[in-house]
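Undergrad: For reference, the sequence and a predicted model appear below.
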Amino acid sequence: QVQLVESGGGLVQAGGSLRLSCAASGNIFSINAMGWHRQAPGKQRELVADITSGGVTNYADSVKGRFTVSRDNGKNTVYLQMNSLKPEDTAVYYCNAKITSRNSIVYYTRDYWGQGTQVTVSS
């Protein structure tokens, strides 16, 4: 089994900063892409940012220049540094990762999701 555990959400004023963390644990052979999605009330879940195992990053246009995604491969952890937060960034933020596990001689790759962490930005 694999688990993703997020931390770091909370309430912040507009213009403030928050840092989210997500640690993967369990039956992990390797981790491919890791990233963050968010879902605001009444809206679809959307990609915020992701990062490959080699460190190539990708951002939604709405967060470019304000958010930074990074990862510590030794700790199986992905981070999201969020600066210059806006009220429209308010959402539940979900960590996700594409992880390869090994069961005896069988390798399998699945997408895993964290439980979500609330980020609220007040105006």
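TA: That came through fine.

Undergrad: where along this protein do the strands fall?
TA: For the chain, the strands defined by DSSP state E occupy 2-7, 10-13, 18-26, 30-39, 46-51, 57-59, 67-72, 77-82, 91-103, 106-113, 117-122.

Undergrad: Arg110: neighbouring residues, count only.
TA: Number of residues near Arg110 (other Cβ atoms under 10 Å) recorded here: 10. Yep, even glycine has a C-beta here, placed from its N, CA and C like the rest.

Undergrad: How about the contacts made by it?
TA: In this structure, Arg110 makes contact with Val2, Lys98, Ile99, Ser101, judged by Cβ atoms under 8 Å, 6 or more residues apart in numbering.

Undergrad: Most neighbours among these, which one?
TA: Busiest of the contacts of Arg110 [other Cβ under 10 Å] is Ile99, holding 23 neighbours.
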